[in-house]
Structure formats: structure tokens, C-alpha cells
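Chemist: Just need the structure, nothing else, for what follows:
(2 chains)
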Amino acid sequence: DSGVTQTPKHLITATGQRVTLRCSPRSGDLSVYWYQQSLDQGLQFLIQYYNGEERAKGNILERFSAQQFPDLHSELNLSSLELGDSALYFCASGESSYNEQFFGPGTRLTVL
Amino acid sequence: AQSVAQPEDQVNVAEGNPLTVKCTYSVSGNPYLFWYVQYPNRGLQFLLKYITGDNLVKGSYGFEAEFNKSQTSFHLKKPSALVSDSALYFCAVRAPLTGGGNKLTFGTGTQLKVEL
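Modeler: Numbering: from 1, shown residues only, chains lettered A, B, ... in the order given. Have a look, this model is predicted:
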């Protein structure tokens, strides 16, 4: 168990809908990272937050947004969902830029 | 831009034999390298990292990795494979980003299959 929790484990929704994925980092970790894992794209970095502020952006679509709250948990919002958004979404946390990231179990999103 | 290559989609090895999962990288500046393992329907588990120091890094579950700067490689090794080692292995390199952020860039993964 990495200490990173993600909810829900599975999410099934329809095209055009909006969903929110939630992540709680390990105790003491200030950084939260979001990654998307799909068969065709592999593991792709989406966005990083550090202590409530956006720190870095990767291949994140404009339809997607995230935030980190004062208690350090983070939410990833996905809107106007398309079939191609079906993927595993991982949250990771870390205590500093130089150390390893610890991954949560992921949320499997299926868009029908 | 940084990149990671895992040239083998799958590696098959007999239980008890040594295993190697290959990884090469490209990054400007000092590399920060990581290996993760993913079991079916699970998240990624950290195995080991190279930041600086000894080129041979020891990690979890008996795994080790050898950093070779001249060959820009970071191969994962284990002296004696177990059936329970069968999983998907990812090599990753940390890339600093403007604004103080950072991310992990992952390879495409190598499926390790250990057979009796």
C-alpha cells in the first residue's frame, strides 16, 4: 500500500458527461501528480500541484482541469467526455522533486 | 526533450534464472532514473531509483539496476527470478520543468513473464 488513495475505483459514464476523480496524497507529501494510462498513449503526465498551486502542466486537454485543496487532497475534473478519454487515471504524490513518486491504485474510467 | 526507451515488449525467463529488463534514456543534465512495477489492475509500485552515487542500485524484492552513463542505460536485474515477479515493468526519468515543476517520463513498459 503506497499510502495514496483514489476514489472511485471504477467509473462508467456516457459521452458528453462530466466526472470528478479524487486523490488523497501520502501524509506529509505536498506534491500531487496526475497521470493517464491508455493502451495507445501509454503513461502520460497530465498535471502537477504543489501545496495548492499548479506547478507544471503536461498533455492535459482543455476539457480537463484539476485543483489541490488546503488539506492537500486533489481532484481531477474531466468534462465533455469522449470515448477516447477511457483510460486509467493515476494520482501520485511525493515529498520533493528529487524523490520517487508514490502512485495510488488508479481510477478506471469507461466512457460509453 | 527527455525520453525513455524499453526495447523489449516482453521478456520471458525461467524461474531461478537471472533476468534483465532493458532501459535506455535521453535527458539533458543529470538523470534521475526510476523503475516501477505494475501488477494487473493495480497501481505502479516503486522499485528503485538512481539519483547519484554508486552505479549499482539495490531496490525492493531483490531487484537491482545498473546505471551506465556512457551507454545511457539503466537496466533492471535480478539474480534469480520468481514466478511472482511476472508483471509489467516501467522505466522512468524525471524531467525538471520550467516553473519548478517536474514530471516522470515513462517508457512503454516491458511485460516480464517468469515460467516454471
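
Chemist: which residues does B:Glu66 bridge with?
Modeler: B:Leu56, B:His75 (DSSP bridges).

Chemist: measure it to B:Lys49 for me?
Modeler: 13 Å (C-beta to C-beta, to the nearest Å). All C-beta atoms are positioned from the backbone trio N, CA, C, and that covers glycine.

Chemist: and what of A:Tyr50?
Modeler: Applying C-beta to C-beta to A:Tyr50 and B:Lys49 gives a distance of 20 Å.

Chemist: If you count surrounding residues, which of the two has more?
Modeler: A:Tyr50 (22 against 19; other C-beta atoms under 10 Å in any protein chain shown).

Chemist: what's the least confident helix or strand in the chain, going by average pLDDT?
Modeler: Since you didn't name a chain, this refers to chain A. strand A:53-57 (a mean of 91; mean pLDDT, DSSP states H and E).

Chemist: hmm, I had chain B in mind actually
Modeler: strand B:102-106 (a mean of 89).

Chemist: ok, and what's touching that strand?
Modeler: Residues from elsewhere that reach strand B:102-106, judged by C-beta atoms under 8 Å, 6 or more residues apart in numbering or on different chains: A:33, A:35, A:42-43, A:45, A:48, A:56, A:58, A:92, A:97, A:101, B:2-4, B:34, B:36, B:90-97.

Chemist: Just the buried residues of those residues.
Modeler: Listed as buried from the contacts of strand B:102-106 are A:33, A:35, A:43, A:45, A:48, A:56, A:58, A:92, A:97, A:101, B:2, B:4, B:34, B:36, B:90-97; burial here means 16 or more other C-beta atoms under 10 Å in any protein chain shown.

Chemist: what sits in contact with each of B:Glu66 and B:Lys49?
Modeler: Joint contacts of B:Glu66 and B:Lys49 (C-beta under 8 Å, 6+ apart) are B:Val57.

Chemist: All set, thanks.
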